[in-house]
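Peer 1: structure for the following, please:
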Amino acid sequence: MLALLIRLGLRFEDRIEERRFVDQYVRGSLGWTQIAMLLGAATYAGYTIWDWVLYPEVVPTTLAIRGGTALFVLLPLTALLSRRWMKPWAETIFLVYCVIPGCILPSIYLVLPSGFTFAAPGMMMIILFVSTMLPLRIGSLAIFCLLSWVALLVAETFALAMPTGLRFINHSLVGNAYALSLYAVAAREYRARKQFRTSEALQREKERSEKSLRDLRATQEHLVQAEKLASLGQLVAGVAHEVSTPLGLALTTSTAMQTDLQAMADALGGASVRRSDLTKGIDRLKQGLNLTFDNLHRASEMVHSFRQVAVHQADEDRRTFELRDWLSELTSKLGPLLSHHGLAVDVQCPAGITLNSYPGALAQVISNLALNTAGHAYPDKSGGRFVITVSQPDPKSVRLVCANEGVGIPEPLQAHIFDPFVTTSRERGNAGLGLHIAFNLVASSLNGRLRLESKAGPGTQIAIEIPAEATV
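Peer 2: The predicted structure follows:
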């Protein structure tokens, strides 16, 4: 029997899945089911009014049967469902609630003078209620049909006399009602199971998609952080390259001065020292000290500039600053890295433009655009220009245009350059996140817009439009 139900789609092979379906199908709306059970109890007892209209003399007996069943069986079973510990037994309670009045009803027809003349309509009313108002599964409904039909057959054996053909008519009507109710409940349960399985599949797919999205976001965040570290690594490499030259000259000069100083010491330890030799040695030491000082000072300035750039990009505080001086300071501090790529920076900014915004975010945006220009617009490091042009269309906004005359961006990529992982130089280790980071910073931190304004062909022009007064 169980295998047949599984084949018909009226039961799941997986017990856990079946249990979840029962929880949803049978116990999903117990409040509404209890209301239906109260209405059923009232209707069952209320048919006593029909008895009173037709046969007042038997009303005490039928009222005792109907009212007693409603008062001592139906209402207590309805109340039991309010107990949390009884909810696992909900379907059993429903079955008992249906079977007892269904089996007691035929006994009433033994009391009525009309006998079983109205037995079929009465039984059909109970079948209609059970099949439409209660969430019974097909197996439980079949048990109800079998027991109530047997009760009707047993009651008919105690009938004193029945008109010819009434038994056949009653059982034909009741049998048809049973068949229709079984089909209706089976179809309803079959649809509910399909819907349940579909919703379960959708839920699993949703969970899988959410997990994939979380993993993708985690990977993206990891790659964004890696790209930030890579940009910092490029800056460190550029500064290290620039600092190594003055430090190397200072070291070479110091070695030469050490040799000259040793020669002077040897000369002073001899028999005689000429004044001209001593003067020449002191002059050489002075020149060496001056050269050493100049190179060490140059290296110190580069290290200081590198530290200032790092401070700028780590600055998340909102403050007011004058844009032209700030840009000049930023580009001078980016000089070691950009000169390493052969890129010259030209700032064209009117004096007096003041921003109340986040300089750290803006510094990282401009740094990323400059690094992107150095790595992509002039890939052979042949040298080029990175021009920052600033204007103020109205008092509430500022427009910065970063332009170069490099190789340009291929037309198929122009609509996607701000998407993550889009790059034309993946073979050189680029992840394609520099412009994506810049776009997100402008949109989220600076509350502005970053867009590509150049067309196909050489040269690239990217516009940054931000409010002069950043919103909190």
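
Peer 1: could you pull out the strands in this structure for me?
Peer 2: 319-322, 343-348, 354-357, 384-394, 397-404, 449-452, 460-467 (DSSP state E).

Peer 1: hmm, residue 434 and residue 372 touching each other?
Peer 2: Yes: using C-beta atoms under 8 Å, residue 372 is in contact with residue 434, at 4.9 Å. Where you see a C-beta, it was placed from the backbone N, CA and C, and this is true even at glycine.

Peer 1: rewinding a little: any chance of the strands of the chain in TSV with distance to residue 253, mean neighbour count and mean pLDDT as columns?
Peer 2: As requested, the strands of the chain are exported to TSV (distance: least, C-beta to C-beta, whole Å; neighbours: other C-beta atoms under 10 Å; pLDDT from 0 to 100):
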stretch	distance to residue 253	mean neighbour count	mean pLDDT
strand 319-322	40	12	89
strand 343-348	29	16	87
strand 354-357	44	18	89
strand 384-394	34	16	90
strand 397-404	38	20	91
strand 449-452	47	16	88
strand 460-467	43	20	90
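
Peer 1: redo those as TSV? Include distance to residue 285.
Peer 2: Below are the strands of the chain laid out as TSV (distance: least, C-beta to C-beta, whole Å):
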stretch	distance to residue 285
strand 319-322	45
strand 343-348	38
strand 354-357	51
strand 384-394	43
strand 397-404	47
strand 449-452	56
strand 460-467	52
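
Peer 1: for residue 108, find the nearest of the ones you listed.
Peer 2: Residue 108 sits nearest to strand 449-452 of all the strands of the chain, at 81.4 Å, using C-beta to C-beta.

Peer 1: show me what the closest one packs onto, helices and strands only.
Peer 2: strand 460-467 (3 or more C-beta pairs under 8 Å, 6 or more residues apart in numbering; DSSP states H and E).

Peer 1: tilt between the strand it packs on and strand 397-404?
Peer 2: 160 degrees (axes from the mean of the first three to the mean of the last three C-alpha atoms, to 10 degrees).

Peer 1: what sits up against strand 460-467?
Peer 2: By C-beta atoms under 8 Å, 6 or more residues apart in numbering, the surrounding residues in contact with strand 460-467 are 355, 357, 362, 365, 369, 373, 377, 396-404, 406, 408-409, 442, 446-454.

Peer 1: got the angle for that strand vs strand 384-394?
Peer 2: Using the same axes, to 10 degrees: strand 460-467 against strand 384-394 is 30 degrees.

Peer 1: sheet-wise, list the partners of strand 460-467 with their directions.
Peer 2: According to DSSP bridges, strand 460-467 forms sheet pairs with strand 397-404 (antiparallel), strand 449-452 (antiparallel).

Peer 1: adding distance to residue 389, write the ones you listed out as a markdown table.
Peer 2: Output for the strands paired with strand 460-467, formatted as a markdown table (distance: least, C-beta to C-beta, whole Å):
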| stretch | distance to residue 389 |
| --- | --- |
| strand 397-404 | 5 |
| strand 449-452 | 15 |
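
Peer 1: quick one: which of these is nearest residue 145?
Peer 2: Closest among these, using C-beta to C-beta: strand 449-452, at 70.6 Å.

Peer 1: which residues of the stretch 351-472 of the chain score low on pLDDT?
Peer 2: Where the stretch 351-472 of the chain drops to pLDDT under 70, the residues are 381-382, 421, 424-433, 455-457, 471-472.

Peer 1: one more time with 80
Peer 2: Applying pLDDT under 80 to the stretch 351-472 of the chain picks out residues 375-383, 410-434, 436, 444-445, 454-458, 470-472.

Peer 1: just the stretch 51-200 of the chain next, same as before
Peer 2: The model of the stretch 51-200 of the chain has pLDDT under 80 over residues 160.

Peer 1: so which residues of it form helices?
Peer 2: For the stretch 51-200 of the chain, the helices defined by DSSP state H, counting those that start in this stretch cover 59-69, 75-80, 90-111, 119-133, 138-157, 166-268.

Peer 1: can I get those helices in CSV including mean neighbour count?
Peer 2: Below are the helices of the stretch 51-200 of the chain laid out as CSV (neighbours: other C-beta atoms under 10 Å):
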stretch, mean neighbour count
helix 59-69, 16
helix 75-80, 16
helix 90-111, 20
helix 119-133, 19
helix 138-157, 18
helix 166-268, 14
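
Peer 1: closest one to residue 45 among those helices?
Peer 2: Of all those, helix 59-69 comes closest under C-beta to C-beta, at 4.9 Å.

Peer 1: which strands and helices sit next to that closest one?
Peer 2: Packed next to helix 59-69, using 3+ C-beta pairs under 8 Å, 6+ apart, are helix 30-46, helix 48-54, helix 90-111.

Peer 1: tabulate these in JSON lines, adding columns for distance to residue 319.
Peer 2: JSON lines is the format used below for these (distance: least, C-beta to C-beta, whole Å):
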{"stretch": "helix 30-46", "distance to residue 319": "59"}
{"stretch": "helix 48-54", "distance to residue 319": "85"}
{"stretch": "helix 90-111", "distance to residue 319": "65"}
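
Peer 1: which one of the ones you listed lies closest to residue 135?
Peer 2: helix 30-46 (6.4 Å).

Peer 1: please tell me how far the closest one is from the chain's geometric centre.
Peer 2: 44 Å (C-alpha atoms, centre = their mean, to the nearest Å).

Peer 1: with stretch 87-100 instead?
Peer 2: Using C-alpha atoms, centre = their mean, the offset of stretch 87-100 from its chain centre is 42 Å.

Peer 1: need the contact partners of it.
Peer 2: With C-beta under 8 Å, 6+ apart as the criterion, stretch 87-100 contacts 22, 26-27, 30, 33, 37, 40, 69, 73-74, 77-78, 80-81, 86, 126, 130, 134-137, 140, 143-144, 147-148.

Peer 1: look up how far residue 264 lies from the residue lying closest to residue 12 once chain neighbours are set aside.
Peer 2: Of all residues not flanking residue 12 in the chain, residue 18 sits nearest, at 4.4 Å (C-beta to C-beta, 6 or more residues apart in numbering). Look at residue 18 and residue 264: by C-beta to C-beta, to the nearest Å, they are 101 Å apart.
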